[in-house]
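In: okay, sequence plus prediction incoming.
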Amino acid sequence: MDNFQDQLYTFIMETQSMLRSITSGRYNITIHWHGVKLPGYPWSDGPEYITQCPIKPGGKFRQKIIFSTEEGTLWWHAHSDWSRATVHGPIIVYPKINGAGYPFSKPHVEVPIVLGQWWKKDVMNVLQETIISGGDPEISDALTINGQPGDLYPCSKSEIFKLNVDQGKSYLLRIVNAALNNILFFSIANHNLTVIGIDGSYTKPLTNDYITIAAGQTIDAVLHANQDLNHYYMASRVFTSNPSVSFDNTTTTAIVQYNGNYTRSSSPSSPQLPYYNDTDAAYSFLSSLKSLADEDHPVRVPINITTRIVTTLSVNAFSCPGNRSCEGPNGTILAASMNNITFVNPSIDILEAYYKHIHGVFGADFPSFPPLVFNFTAEYLPLILEASKRGTKVKILPYNSAVEVIFQGTNVVASIDHPVHLHGYSFYIVGWGHGNFDKDKDPQKYNLIDPPFRNTVTVPGNGWTTIRFEASNPGVWFMHCHFDHHLVWGMETAFIVQDGAGACLSPPPSDMPPC
Ligand SMILES: [Cu+2]
């Protein structure tokens, strides 16, 4: 599998590409094109048991990747087990050749910056141990920048990633958070970053001395090499609103090194990263991001909502199966849910079952409202709330529905931030807040003018977020927490968007991997 890592695909907007995945590893695999909308063609989307069955070792599968409105940095990654820890890389979509071009002065150089997470152990064993123990996953041994942990860990000094820059030039950093279960702060000593795009969509320029980027998200940011000739650290570490849940508390570094003849300081200066539980720093950055919203990049927020879904995001706990004690709280086995449904993978993929009208694979009754209403963010909650219901439930959306989803984080078992990713769409993030969503007061503060347009949204621990999108892309589209342990625990569902006038689900290719 290692030969996939960090392969870079670049695309011009509105092209279609064919890529053939041939596995030579020991594990099943699927590949997801994160943020690519694949209009009417979920067959290439990748999540195992949602839109395809996995490619078995030695198997082949040709994926057609259809681009539409994406522009900027996206990424691709494995979407089976935890193989995306190493099987991933950036996707760069350039503006159309005769189109509007970049909505900012074109940087001199562009550089992918892929943030990752690394275990000394085979990550597949970490997954197996997590499933068997029922507890939190073993924390990673390192965070990485472009595959290297950097100077603050043993063994990385000679191979630390170095970005050599010319004074006076600008560098477009195409930043991907490929970590399995972290939200990260990232910063460069003595330099600001000017964010110009997120998740393959342009933003109003936002200059800051750090960024917050959740697992699954991408950020395009311009670095101006406008400081004294020297060398400077770039660094990244975890943000978590709940440090009582164990996390990798290390810091990864790389170096920005100015070209020229000069005497360097003995060691590079370090950036001031926000503290790991600095919730204000994390969310003030995220809520400062606005869509560009100009003539060439119009904003179309759905206004007259036809489908409203309120869903909780919870960590859950079941009693340990068999006569043993699991490593979850009080000997339980940890799980997770949306609207109290802990998602169970079906034996054949949902897309095939939907397309071929095979019954008994999934239920279409994902609740539109939390089945149990309580004070979701109360400090103490009765233990009886910890158990969820297992099921394979999806939500059917009529074509062109104007959809609003309100995610409500809960304090069941433990509150934590959840980066929720929707396949097949980007959505407008119209509002967010700490505590319980207030259906009367909070919508009055929605941003319907220039909200950020993303494919992955960070829902605050013990907080809420509202997204809106128009269901104009027929198919089966997965929605899940992008922390891979929460995904394994069941924090997911899928939308089935029905066909409509002029937009239909395409037939499958002939080489879909068999179940
Ligand atoms: Cu989560």
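Out: Yep, that arrived. Quick caveat: nothing in here was measured; it's all calculated off a predicted structure. Numbering: from 1, shown residues only.
In: which residues touch the residue lying closest to Thr342 once chain neighbours are set aside?
Out: Spatial nearest neighbour of Thr342, chain neighbours left out: Gly490 (3.5 Å); criterion: CB to CB, 6 or more residues apart in numbering. Bear in mind the C-beta positions are built from the backbone N, C-alpha and C, glycine included. Under the criterion of CB atoms under 8 Å, 6 or more residues apart in numbering, the neighbours of Gly490 are 316, 335-337, 341-344, 388, 390.
In: isn't Ala214 right up against Pro460?
Out: No: using CB atoms under 8 Å, Ala214 is not in contact with Pro460; the gap is 11.0 Å.
In: is Leu38 in a helix, a strand, or coil?
Out: Counting by DSSP: H, G, I helix; E, B strand; the rest coil, the backbone at Leu38 sits in coil.
In: how much space between it and Lys356?
Out: According to CB to CB, to the nearest Å, Leu38 stands 20 Å off from Lys356.
In: again with Asp296
Out: To Lys356, Asp296 is 42 Å away according to CB to CB.
In: Trp43 now?
Out: Taken as CB to CB, the span from Trp43 to Lys356 is 13 Å.
In: and those two? Which one has more around it.
Out: Between Trp43 and Lys356, counting by other CB atoms under 10 Å, Trp43 is the more crowded of the two (24 against 10).
In: excluding chain neighbours, what is closest to that one?
Out: Pro508 (5.0 Å).
In: am I right that Phe104 is in contact with Ile196?
Out: Yes: between Phe104 and Ile196 there is a contact under CB under 8 Å: 5.1 Å.
In: helices and strands of the chain: which one bottoms out on pLDDT?
Out: strand 9-12 (a mean of 50; mean pLDDT, DSSP states H and E).
In: quick one, which of the contacts of Gly490 are buried?
Out: By neighbour count, with 16 or more other CB atoms under 10 Å, those hold 316, 335-337, 341-343, 388 as buried.
In: list the contacts of Glu372.
Out: For the record, residue 372 is Leu, not Glu. 340, 385.
In: got the phi and psi for the residue nearest to Trp43?
Out: Phi and psi for Pro508, reported as degrees, to the nearest 10, are phi -70, psi 160.
In: so it versus the ion, what's the distance?
Out: 31 Å (CB to the ion, to the nearest Å).
In: which residues touch the closest residue to Asp151 other than its chain neighbours?
Out: Closest residue in space to Asp151, ignoring its immediate chain neighbours: Thr253 at 5.3 Å, by CB to CB, 6+ apart. By CB under 8 Å, 6+ apart, the residues touching Thr253 are 145, 149-152, 160, 233-235, 270.
In: if I look at Thr253, how far off is Lys162?
Out: For Thr253, the distance to Lys162 - CB to CB - is 11 Å.
In: center of this structure - which residue?
Out: Against the mean C-alpha coordinate of the chain, by CA atoms, centre = their mean, the closest residue is Gly216 at 2.1 Å.
In: list the buried residues in stretch 420-428.
Out: Across stretch 420-428, burial judged by 16+ other CB under 10 Å covers 420-428.
In: quick check on Thr279: phi, psi?
Out: Main-chain torsions, Thr279, degrees, to the nearest 10: phi -60, psi -40.
In: ok, the nearest residue in space to it that is not next to it in sequence to Asn436 distance?
Out: Leaving aside its sequence neighbours, Thr279 sits nearest to Ser241 (CB to CB, 6+ apart; 5.0 Å). Using CB to CB, Ser241 is found at 16 Å from Asn436.
In: tell me the SS of Thr465?
Out: Using three-state DSSP, the structure places Thr465 in strand.
In: was I right about it contacting Thr456?
Out: No: using CB under 8 Å, Thr465 makes no contact with Thr456, being 11.2 Å away.
In: which neighbours do those two share?
Out: With CB under 8 Å, 6+ apart, Thr465 and Thr456 have common neighbours Val420.
In: any idea how many residues pack against Tyr380?
Out: Neighbour count of Tyr380, defined by other CB under 10 Å: 7.
In: and for Glu379?
Out: Using other CB under 10 Å: Glu379 sits among 8 other residues.
In: look up the closest residue to it, ignoring the ones flanking it.
Out: Asn411 (7.0 Å).
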